[in-house]
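**Q** let me see the structure of the following:
(chains A, B, C and D)
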Amino acid sequence: MRVTVLCWGHLTDYFGSDGFEVELPEGATIQIAVTLLEQREPKAAGLTRRCRYALDEEYAPLETPLYDGCTVAILPPMSGG
Amino acid sequence: MRVTVLCWGHLTDYFGSDGFEVELPEGATIQIAVTLLEQREPKAAGLTRRCRYALDEEYAPLETPLYDGCTVAILPPMSGG
Amino acid sequence: MAYAAIVNEVIDVPALTERVSGVDNGAVCVFIGQVRRNSRGREVAYLEYQAYAPMAAKQLLRIAEEAEAKWGCEVGVEHRVGRMELCEASVVVVAGSRHRAQAFEACRYCIDTLKERVPIWKKEVCPDGSFWIEGEEAIEVSDVPRETGS
Amino acid sequence: MAYAAIVNEVIDVPALTERVSGVDNGAVCVFIGQVRRNSRGREVAYLEYQAYAPMAAKQLLRIAEEAEAKWGCEVGVEHRVGRMELCEASVVVVAGSRHRAQAFEACRYCIDTLKERVPIWKKEVCPDGSFWIEGEEAIEVSDVPRETGS
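**A** All right, here's what the predicted structure looks like:
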């Protein structure tokens, strides 16, 4: 399945802010998408521990299963206000 | 001594809002000025219990002595805001 | 520096806010008290505020200064007197500080304290009569003609 | 009805305030978060706010709705994104209610909760470098060129 990944905050320094698509096996979870990112950019490893995650614009835990065409967002600690 | 008395809130219905002068004996206190008002307008009697008082624009207790030329204000419960 | 005034005209909220919006402040809290249509079941046509102006201005400034000292912030207050229509502001408090907690606290302190000790009185003019609001009480405006005795 | 928006332009504070200043409200509380010169010892030249806009707008609206339900008041929030100069407002919260306690509480709730769960990130651009502010941390913007891999 194809999944869109969006990164925010300092992660955009590594992965850009436009998002990108990844191919994942059926049954993959948010955790698997995150692991893929950590492998792609070693500087991002460990940082994702601090993050929260969203599936299709709603907060979701790491074990949430993904589906074809969905959007996962990696959300570092926020600083709005 | 001559003392100026100012009334506020519903007391202005009885005593006007422009203030007026009274002649008081030496040694008179705010209490004495208040008693004079209560005698002048029976409807105001007892109401002054609820009030606070000011001497020359500062809060002052009933027993504060007055002096020639001073200004006493009778302040019912306030409702600014 | 603390600012306080009793004013006769419409309060200029942006201008007052500007006073506490300096470059060192990250947070500005504004409180606006305005004339509402219903007051404890009475329908209000308009309000009239009366102030013992010189004493009220002194007390307002003192309250603003207390808030500045206690929360390390900048405070401004204006209270309007005279006739006010529905939705018009009778009082505006502004507080600017580095962080938001201080701005909220200072603003709240000023409006709470103002109600307790600034000599201002509100008269509600309603279709069925007029009432002096004195603390928790509403006293119907008496029909007796005013006498300015001496 | 609760109102929330992520905006790109200068926030119009009077227009936003107007939304919660109806004739049934006697109290309006406004909170303005603005760009301040100093941030934990760093001198700030300007800020850049980035938002996950559709999710941020949803979360903002939900917070405003929660505040309205909890305090029986009217709430509006705008958060600006993009580049902001010193003293410009990044966020404005307005809350109108019959009495002041609700307006203060609702306004405070919105700004506190917004910081916790609305996906917005601040980058401080300083003379000595730029920093992503992420919660309590400031992460220096990396020099590596951005790669949008796939």
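**Q** which SSE is residue C:59 in?
**A** Element membership of residue C:59 [criterion: DSSP states H and E] is helix C:53-71.
**Q** which bits of chain A sit near chain C?
**A** Proximity of chain A to chain C, by C-beta under 8 Å from any C-beta of the partner chain, involves residues residue A:81. The C-beta positions use only the backbone N, C-alpha and C, and glycine is treated the same way.
**Q** for chain B, give me its nearest residue in chain A.
**A** Using C-beta to the nearest C-beta, residue A:81 is the residue of chain A that sits closest to chain B, at 28.7 Å.
**Q** apart from its chain neighbours, what residue comes closest to that residue?
**A** Of all residues not flanking residue A:81 in the chain, residue D:115 sits nearest, at 4.5 Å (C-beta to C-beta, 6 or more residues apart in numbering or on different chains).
**Q** over to residue C:85?
**A** residue C:46 (5.3 Å).
**Q** show me what the one you found is bridged to.
**A** Going by DSSP bridges, residue C:46 is paired in beta bridges with residue C:125.
**Q** ok, now the one 4 residues further on?
**A** Judged by DSSP bridges, the bridge partners of residue C:50 are residue C:121.
**Q** neighbours of the residue nearest to residue A:81, how many?
**A** Residues lying near residue D:115 (other C-beta atoms under 10 Å in any protein chain shown) number 17.
**Q** picking that back up, now do the helix holding residue C:59: which elements does it pack against?
**A** strand C:3-7, strand C:74-80, strand C:89-97, helix C:100-117 (3 or more C-beta pairs under 8 Å, 6 or more residues apart in numbering or on different chains; DSSP states H and E).
**Q** for those, give me TSV that also has mean pLDDT.
**A** Below are the helices and strands packed on helix C:53-71 laid out as TSV (pLDDT from 0 to 100):
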stretch	mean pLDDT
strand C:3-7	98
strand C:74-80	98
strand C:89-97	98
helix C:100-117	98
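**Q** could you dump these into a markdown table and include distance to residue A:48?
**A** Listed next are those as a markdown table, based on distance: least, C-beta to C-beta, whole Å:
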| stretch | distance to residue A:48 |
| --- | --- |
| strand C:3-7 | 49 |
| strand C:74-80 | 42 |
| strand C:89-97 | 35 |
| helix C:100-117 | 30 |
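**Q** OK, now which residue of chain C is nearest to chain A?
**A** Closest point on chain C to chain A, by C-beta to the nearest C-beta, is residue C:100, at 8.0 Å.
**Q** burial of that residue, as a residue count?
**A** Residue neighbour count, defined by other C-beta under 10 Å, stands at 21 for residue C:100.
**Q** next up, the contacts around residue C:19.
**A** Contact analysis of residue C:19 by C-beta atoms under 8 Å, 6 or more residues apart in numbering or on different chains lists C:3, C:74, C:76, C:94, C:96.
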